[in-house]
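Trainee: give me a 3D structure for the following:
(one chain, ligands or ions: 1)
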Amino acid sequence: MNFEKICVLGLGYIGLPTASTFATHGLKVVGVDVNPAVVSTLQSGQIHIHEPGLRTLVQAAVGSGNLIVRPAPEEADAFIIAVPTPFFDDKRADMRAVISATEAIVPHLRRGNLVVLESTSPPRTTVDLVKPILERSGMKAGIDFSLVYSPERVLPGQILRELIENARVIGGFDRSSAEAGRDLYATFVLGEIFLTDATTAEMCKLMENTYRDVNIAIANEFSRLAERFGIDVWEAISLANRHPRVRILNPGPGVGGHCISVDPWFLVEAAPDITSLIRTARQVNDSQPAEVVELVRRALEGQLEGRKVAALGLSYKPDVDDLRESPAIEVAHLLQKAGAVVTCFEPFKPESDIPGLKTVPTLAQAIDEADVLLLLVGHAGLRSIDPFVVAQLTKARSVVDTVKGWDEASWTTLGFGFHRLGVNKG
Ligand code: SAJ
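Mentor: The predicted structure is shown next:
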């Protein structure tokens, strides 16, 4: 199947790179976002998210005339839905954005079109939710138009490379839909393309992220065990990982971001009676910020009330600016609830304004008055700070490292007390 013009609905972390990559590979792309601020930012040549290389890519796409940004979809050969699927407070998937994006396509749907859902969704969303909405057009999936679920699997921080190089799974409502999807993504995907059915593709995406969540949960539980039994979990993990069939992940302050901390709930919601392991893993990872609070309490000899904590790093993981579902933010809130006075510094969003938290734009301001320095995210720029320089800028003489970002000896030789998550060798 041949594609000349496509519409990409949702210009966030996935939609914008995808739209731009199609555009730089020669397709006419209409990028659509319902948020007027996103539309005007992109139309003025700026971008609203941080991702290495994205600014240059978007500028190339817009500059070529192939990418235009609009508030609503229009007729095209294919439509790609890449809108967010967050969850409600009770952990049920919030599918409102998928529903309204699909509804927005209906008036423009023509015979021979392809519709792709990329948003991570509960099992059977493509056939049970998206298909009936599209068929309000009077046309039938698999007969009049093609329908596909194709999950994005790119790692924030490496999106542009992984978009092109990763293997791609294309789940068709029927075989000819899957083949149409393959023809579209073959425009730029260099990784292998695998065809399957839509529900298998949905499950595949949810299983990948759930697998990672469960594996991080066990690392976090190992770190609690290490603290109880008086060892260093990082050393134990690196030794265990010398086994040819063991690959334990890293413990940390918790699991954040819009993917791994959300997607397992889609499986729990869909089948609560057979997902106890998945639910427990989520609960273990969600309780990790509280573990960090206890670690800080120990570093401050049991007293958090009125003590000043410099929280370094707020994003959900290293070297990205994404604050969604960030465990670091949860740690800061919990510390405040426990009576500590917290000053936060996020180098990738120095001007960020987070409700209920005090953020400052420089490291110096964050550590100035602190009693303890708390490393929450292993950003390269935070890992490489010089303890000698820091010692001149702060009166704190205690550090807490939740991500194994700092070298213990460099701090202790300067007189700092050093506390690391998962280590209890005292
Ligand atoms: N984390 C740990 N320990 C680890 C690894 C990660 O605590 O050993 C934490 C991170 O700090 C972060 C969270 O887990 O808070 C998730 O980070 P991540 O790097 O594991 O994953 P994401 O959420 O950035 O991206 C994931 C990726 N999925 C998998 O690796 C299976 C990516 O390929 C997906 O495309 C993405 O989710 C998505 O969009 O679903």
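
Trainee: next, count neighbours for Leu11.
Mentor: 29 (other C-beta atoms under 10 Å). In short, each C-beta sits where N, CA and C put it, glycine included.

Trainee: thinking it is in contact with Ala37, fair?
Mentor: No: checked against C-beta atoms under 8 Å, the pair Leu11 and Ala37 is beyond contact range at 11.1 Å.

Trainee: can you tell me the residue of the stretch 301-426 of the chain closest to the ligand?
Mentor: Closest residue of the stretch 301-426 of the chain to the ligand, C-beta to the nearest ligand atom: Lys317 (3.7 Å).

Trainee: just checking, that residue touches Gln158?
Mentor: No: here Lys317 lies out of contact with Gln158, judged by C-beta under 8 Å, at a distance of 11.7 Å.

Trainee: look up the closest residue to His25, ignoring the ones flanking it.
Mentor: In this structure, His25 finds its nearest non-sequential neighbour in Phe188, 4.6 Å apart by C-beta to C-beta, 6 or more residues apart in numbering.

Trainee: report the buried residues of the longest helix along the chain.
Mentor: In the chain, taking DSSP state H as the definition, the longest helix is helix 198-229. By 16 or more other C-beta atoms under 10 Å, the buried positions in helix 198-229 come out as 198-199, 201-206, 208-210, 212-214, 216-217, 219-224, 226-227.

Trainee: near the ligand too, which of the residues you listed?
Mentor: Contacts with the ligand within these, counted by C-beta under 6 Å from any ligand atom: Glu208, Asn209, Arg212, Ile216.

Trainee: check contacts around the last one.
Mentor: If you count contacts by C-beta atoms under 8 Å, 6 or more residues apart in numbering, Ile216 has them with Leu249, Asn250, Pro251, Gly252, Val255, Ile260, Ala281, Asn285.

Trainee: what do you get if the cut-off is 7 Å, keeping everything else the same?
Mentor: Residues counted as contacts of Ile216 (C-beta atoms under 7 Å, 6 or more residues apart in numbering) are Leu249, Val255, Asn285.

Trainee: closest one of these to the ligand?
Mentor: Leu249 (3.3 Å).

Trainee: helix, strand, or coil at the closest one?
Mentor: coil (DSSP: H, G, I helix; E, B strand; the rest coil).

Trainee: check it and give its pLDDT.
Mentor: pLDDT for Leu249: 98.

Trainee: hmm, Ala219 and it touching each other?
Mentor: Yes: between Leu249 and Ala219 there is a contact under C-beta atoms under 7 Å: 4.7 Å.

Trainee: Lys317 and Gln158: who's more crowded?
Mentor: For Lys317 and Gln158, the more surrounded residue by other C-beta under 10 Å is Lys317, and the numbers stand at 22 against 16.

Trainee: state the pLDDT value of the more buried one.
Mentor: Value for Lys317, per-residue pLDDT: 96.

Trainee: that one: what's it in contact with?
Mentor: Gly256, Gly257, Val377.

Trainee: recalculate using a threshold of 8 Å.
Mentor: Lys317 makes contact with Pro156, Gly157, Gly256, Gly257, Val377, according to C-beta under 8 Å, 6+ apart.

Trainee: how near is it to Ile216?
Mentor: Using C-beta to C-beta, to the nearest Å, Lys317 is found at 11 Å from Ile216.

Trainee: just give the closest residue to Leu288, not the sequence neighbours.
Mentor: Wrong residue type there; residue 288 is Gln, not Leu. In space, and not counting its chain neighbours, Gln288 is closest to Gly254: 3.7 Å by C-beta to C-beta, 6+ apart.

Trainee: what mean pLDDT does stretch 3-20 get?
Mentor: Average pLDDT, stretch 3-20: 97.

Trainee: contacting residues around the helix or strand encompassing Leu334?
Mentor: Leu334 is located in helix 327-337, with elements delineated by DSSP states H and E. With C-beta under 8 Å, 6+ apart as the test, helix 327-337 has contacts from 252-256, 288-290, 292-293, 296, 304, 309, 311, 313-316, 323, 342, 344, 354, 356-357, 374, 376-377, 402.

Trainee: so which bits of the stretch 201-350 of the chain are right by the ligand?
Mentor: For the stretch 201-350 of the chain, the residues in contact with the ligand (C-beta under 6 Å from any ligand atom) are 208-209, 212, 216, 249-250, 252, 255-257, 259-260, 316-317.

Trainee: now, which of the residues you listed sits nearest Arg136?
Mentor: In terms of C-beta to C-beta, no member of those lies closer to Arg136 than Cys259, at 30.3 Å.

Trainee: grab the nearest non-local neighbour of Thr280.
Mentor: Nearest non-adjacent residue to Thr280 (C-beta to C-beta, 6+ apart): Ala217, at 7.5 Å.

Trainee: quick one: that neighbour and Asn285 touch, right?
Mentor: Yes: at 5.1 Å, Ala217 counts as touching Asn285 under the criterion of C-beta under 8 Å.
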